[in-house]
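1. Pasted the sequence and its predicted model underneath.
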Amino acid sequence: AGSLSADWLAARGERGGSSVSGSAESPGGRSPGEGRGGRMRLRSGVFASFCLLAEALGVALFLRGFFPLPVRSLPRSEAREDPPAEPAPPGTGVVSNWTKIPPPLFKRAVIVLIDALRDDFVFGPKGKQFMPYTTQVVEKGTSYSFIAEAKPPTVTMPRIKALMTGSIPGFVDVVVNLNSPALLDDNLIWQAKAAGKRIIFYGDDTWVKLFPKHFVEYDGTTSFFVSDFTEVDDNVTRHLDRVLKREDWDLLILHYLGLDHIGHMTGPHSPLVGPKLHEMDNILKKIHVSLISNEDASLPNLLVVCGDHGMSETGSHGGSSEGEVHTPLLFISSAFEKRTHPLTQAEVVQQTDLASTLAVGLGLPISRNSVGNLILPVVGGKTMREQLRFVHLNGFQLSRLLKESTPAYEKDAGYELFKVAEKSHGNWIKLYLEGNNSEVLLNLGKKVLKQYLEALKILSSSLSKQVAQYDMYSMMMGTVIIMEVLLLLLLSVPKALSSQAEFEVPISPPLFSLLFYLLCLILCAVHVIVCTSAESLCYFCSMSWLTAAGVMMLISALMCGILSAIAKICENSRLPLKNPVVSSSSWSEIDVLILAGTIGHVLSLGASSFIEEEHQTWYFLISTLCLVLCQDLCRSNFLLKDSDPQCSITLKQNPDSAGAASECRNIDIPAPGGSKLGKATSSAELPTRSERWMSLASPWIILICCRMLRSLNQTGVQWAHRPDFGHWLTSSEHKPELSCLAAVSLLTIFFLVQRRCSLASKIAMALGLLGVYSYRAAVGNVVFPWQHGSKDVSK
């Protein structure tokens with residue numbers, strides 16, 4: 001103790017709380033080796049600030065690797081450029097003159113996006129029962145039907161981006177889903193507006209936020225009133241009759257939210273789903289009949305029906321279950337051939353394919369960031385030269401995007417196959433321009449088309465993998481820094497929480513030791529090997545060598561500091577204990593349970609099933625903790641005497657430590673002679689018998705409350721559909737019981753709090769609690785005693 005106090009006073013006198021001791025021998029008896037090693041005392045706040053900065057660096061590195069940036073090409077302002085020409089035929093005498101974007105295939109297009117429309121709502125039994133007109137068009141009409149697969153996260157804003165840009169948004173887009181900023185990437189809406197097309201939109205206001213000033217007319221509806229199943233769709237449909245009669249638009253987009261709201265509130269098997277699907281079927285019938293009746297001889301119209309995402313068996317979305325990622329995609333137009341046989345199984349395409357297909361159909365450039373493929377049946381009625389031109393434009397766009405985002409793009413199988421198909425395409429053009437109309441020309445065209453489609457599939461797959469590919473090296477480096485800081489904090493907590501709130505940090509041993517330089521060399525060697533052999537882009541490898549070396553030195557210094565702190569702890573553990581009463585290293589059952597429960601809970605978060613049912617883990621841990629607390633309280637209050645015999649024995653054997661022990665435990669101890677010790681604890685400090693029984697009953701009361709809470713609301717994924725007390729209370733026939741419970745709860749709050757409040761505070765709180773009940777009565781959740789029947793209170 002004298003050594004520690006002398007060192008501390010010396011440090012305070014020299015540097016004001018921070019000094020470096022480099023003397024050969026300290027006054028308190030420090031060994032020469034320790035003095036020469038060099039140690040700096042830091043205040044806990046300075047040390048915590050350093051740890052916070054290092055932790056922020058580690059978290060930033062980890063998040064940068066966990067959330068890879070999506071594949072991006074040039075910004076939108078630089079996206080407009082001349083399209084590529086057809087592949088040049090071999091030889092010098094023949095040149096193709098088709099260098100522009102192909103003309104549009106459709107005069108006008110209507111996109112009907114039904115939020116949370118699952119594929120079985122159209123292709124399953126529900127479709128046949130509640131959507132008869134759509135089913136008839138799908139099975140016997142002039143249409144092409146597909147199942148569009150959406151990539152997670154299956155929430156609205158990222159899905160709209162995928163539909164209009166053809167790119168795959170990452171999980172970072174979930175963060176901005178509630179406040180959608182303007183979309184600055186190249187997209188179909190921007191290309192259509194730049195081409196002079198007039199766009200009208202009605203529906204979810206997310207579109208208005210993503211595409212500001214792009215629509216000549218719009219009416220946005222908010223998606224946050226989830227209990228609204230009717231008005232949110234009526235506000236879209238009310239414009240239809242007027243707009244469909246007009247000729248001053250080229251693209252009409254409708255986004256219906258009612259089905260999604262029903263799913264959130266009642267699930268996909270609710271009786272409300274059928275009437276909503278029937279309502280959507282009547283709307284599609286109205287639009288289809290109007291488009292057919294207003295067609296002219298020049299170009300046909302197109303109706304596209306799709307969903308942004310599906311819904312799970314519980315009515316939610318955002319994950320990757322089959323019900324959430326599979327949505328119907330229908331193309332309906334008189335330009336298509338009429339079906340001669342019913343649809344057996346819809347082909348699965350990617351949701352990102354819609355952007356490329358619509359761009360070709362409307363005569364627009366394909367978005368530069370699109371990773372989608374052209375859906376060939378939509379353009380299957382065109383000539384072979386036009387089909388080859390379409391897939392060549394799509395392949396050129398994908399290969400350019402791959403070239404701009406992947407260093408080793410030439411080794412990609414899709415890029416190589418595209419170059420082969422492009423060469424074969426040039427041979428086909430040579431035969432075509434020479435006037436060859438034989439069977440050879442047709443067979444060669446089919447072969448080239450097949451090569452293009454295979455190349456498109458591989459290119460799209462390669463680009464899509466870049467979005468879902470984690471930057472493992474950056475994640476590992478961030479994790480190492482985080483874990484080192486965590487371990488250093490754990491080792492430093494005892495000293496940081498001491499009365500002096502400062503501790504020695506070894507400076508010289510880590511920074512000038514052989515281990516430090518050895519770790520730096522090893523980490524630099526690993527960095528060189530990883531960065532030179534990595535096939536994909538790595539954020540940590542893209543840093544400058546000076547920055548990367550600084551991170552390596554930080555990791556090495558943290559590791560050396562941890563090893564030095566562990567060595568100091570081991571050295572101190574060999575010294576004899578000066579105060580055995582205070583320094584007790586025994587672990588209680590509660591300590592073991594808390595440690596085991598924490599470790600077990602952390603390990604359980606490694607599996608998605610345990611995350612979905614995490615509340616079950618907490619139920620178990622809380623119940624076990626309450627039982628252990630009950631055992632501990634029972635033992636301490638009833639099985640032990642007023643004076644702990646172990647403590648008395650310890651004090652008798654160590655009379656010199658009686659003063660320190662009495663100071664810590666407030667024990668009255670007479671002279672440490674041979675006489676017996678007096679009362680070990682003051683009588684005023686002893687709990688009464690009623691307090692003992694109350695403390696013993698507390699864990700059981702908590703257990704009963706926890707059991708009631710478990711029955712209040714079924715949560716998770718597996719058991720959310722089971723009945724619970726909350727559903728029983730909120731049902732219409734039990735509204736009086738809920739009203740009584742709410743009134744009693746509000747009155748209890750008032751009487752518990754009002755005792756310490758002034759008169760003005762009591763009046764304000766009473767009015768506030770009355771307002772809470774009145775609001776619930778106004779929206780129909782509870783009733784007033786004078787209310788008769790289900791008549792609503794005036795809002």
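-> Alright, I've got the coordinates.
2. low-confidence ranges in the stretch 151-300 of the chain?
-> 170-180 (pLDDT under 70).
3. what sits up against stretch 519-531?
-> Contact with stretch 519-531 is made by Tyr473, Cys538, Phe540, Cys541, Ala548, Ala549, Met552, Met553, Ile555, Ser556, Met559, Cys560, as judged by CB atoms under 8 Å, 6 or more residues apart in numbering. Every residue, glycine included, has its C-beta placed from N, CA and C.
4. repeat that for 10 Å
-> Contacts with stretch 519-531, where a contact means CB atoms under 10 Å, 6 or more residues apart in numbering, come from 472-473, 476-477, 480, 510, 513, 538, 540-543, 545, 548-549, 551-553, 555-560.
5. and what of stretch 619-639?
-> With CB under 10 Å, 6+ apart as the criterion, stretch 619-639 contacts 588-590, 592-594, 596-598, 600-601, 613, 644, 687, 689, 691-693, 695-704, 706-707, 709-710.
6. and that stretch, which residues are buried?
-> Residues Leu621, Ser623, Leu625, Cys626, Val628, Leu629, Cys630, Leu633 are the ones in stretch 619-639 that count as buried (16 or more other CB atoms under 10 Å).
7. would a markdown table of the residues you listed with distance to Leu456, secondary structure and pLDDT be doable?
-> Shown next, in a markdown table, are the buried residues of stretch 619-639 (distance: CB to CB, whole Å; DSSP: H, G, I helix; E, B strand; the rest coil; pLDDT from 0 to 100):
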| residue | distance to Leu456 | secondary structure | pLDDT |
| --- | --- | --- | --- |
| Leu621 | 52 | helix | 90 |
| Ser623 | 57 | helix | 90 |
| Leu625 | 58 | helix | 89 |
| Cys626 | 61 | helix | 88 |
| Val628 | 62 | helix | 86 |
| Leu629 | 64 | helix | 85 |
| Cys630 | 67 | helix | 83 |
| Leu633 | 70 | helix | 82 |
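8. of the contacts of stretch 619-639, buried ones?
-> Listed as buried from these are Leu593, Gly597, Glu613, Arg692, Ser695, Leu696, Pro699, Ile702, Leu703, Arg710; burial here means 16+ other CB under 10 Å.
9. Closest one of these to Gly310?
-> Glu613 (22.5 Å; CB to CB).
10. number of nearby residues for the spatially closest residue to that closest one that is not a sequence neighbour?
-> Once flanking residues are discounted, Glu613 sits nearest to Gly716: 4.7 Å by CB to CB, 6 or more residues apart in numbering. Applying other CB atoms under 10 Å, we find 14 residues neighbouring Gly716.
11. Which residues are in contact with Gly716?
-> Counting by CB under 10 Å, 6+ apart, Gly716 has contacts Thr314, Ser609, Ile611, Glu612, Glu613, Glu614, His615, Gln616.
12. circling back to that earlier point, in strands only, show me the buried ones among the contacts of stretch 619-639.
-> Using DSSP state E, no member of the buried ones among the contacts of stretch 619-639 sits in strands.
13. circling back: of the buried residues of stretch 619-639, which pair is most distant in space?
-> Farthest pair in these, by CB to CB: Leu621 and Leu633, 18.4 Å.
14. And the helix or strand harbouring Thr748, how far out from the chain middle?
-> Element membership of Thr748, judged by DSSP states H and E, is helix 735-753. Taking CA atoms, centre = their mean, to the nearest Å, one finds helix 735-753 lying 38 Å from the centre of the chain it belongs to.
15. Over to stretch 50-70?
-> Worked out by CA atoms, centre = their mean, stretch 50-70 lies 16 Å from the chain centre.
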